[in-house]
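> Prediction below, plus the sequence it came from.
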Amino acid sequence: MGTANLRKEVIGSIRDMRAEREQALADYIDTLIRAATAEQDLADARAARDKARGLARDAGNTAAELERAARIIRAHTHHTDNQPEHDDDQPQDTNQHDGHDEHTENQPW
């Protein structure tokens, strides 16, 4: 193999290694961006959930009704396996109860 061919082969190999490294870096950066975006979207969704929960309580829905709705949603989205009954992300209900919460477990909602 001549010197010129060897030079081309070495340069080509180095370019290939650089291209692989650059592609791996680009893939990593894309993943970081997607993760950061997903985290922000999740934070926005949780804030919207908390606001909607407050509005639902203000409209007269009981805490038991809201929890039942949340359990149904979790069951239908298959997220019940590793979630506690009251996960830490759900806001605690600080509104005064209207006296009807004690008997809502037997209601059909």
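Perfect, I can see it now.

> Against which helices or strands is the helix or strand containing Glu22 packed?
Here Glu22 sits within helix 3-58, counting by DSSP states H and E. Counting contacts by 3 or more C-beta pairs under 8 Å, 6 or more residues apart in numbering; DSSP states H and E, helix 3-58 packs against helix 63-76. C-betas here are computed from N, CA, C, even on glycine.

> Pull the distance from the helix it packs on to the chain's centre.
Counting by C-alpha atoms, centre = their mean, to the nearest Å, helix 63-76 is centred 18 Å from the centre of its parent chain.

> What of stretch 20-30?
Worked out by C-alpha atoms, centre = their mean, stretch 20-30 lies 24 Å from the chain centre.

> could I get it in PDB with only the CA atoms?
Extracted as PDB, the C-alpha positions of stretch 20-30 are listed here (Å, rounded to 0.1, in the frame of the first residue of the first chain):
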ATOM      1  CA  GLU A  20     -19.500   8.600  15.500                       C
ATOM      2  CA  ARG A  21     -18.500  10.600  18.500                       C
ATOM      3  CA  GLU A  22     -20.300  13.700  17.200                       C
ATOM      4  CA  GLN A  23     -23.500  11.700  16.400                       C
ATOM      5  CA  ALA A  24     -23.400  10.200  19.900                       C
ATOM      6  CA  LEU A  25     -23.100  13.700  21.400                       C
ATOM      7  CA  ALA A  26     -25.900  15.000  19.200                       C
ATOM      8  CA  ASP A  27     -28.100  12.000  20.300                       C
ATOM      9  CA  TYR A  28     -27.300  12.800  24.000                       C
ATOM     10  CA  ILE A  29     -28.100  16.500  23.500                       C
ATOM     11  CA  ASP A  30     -31.400  15.700  21.900                       C
END
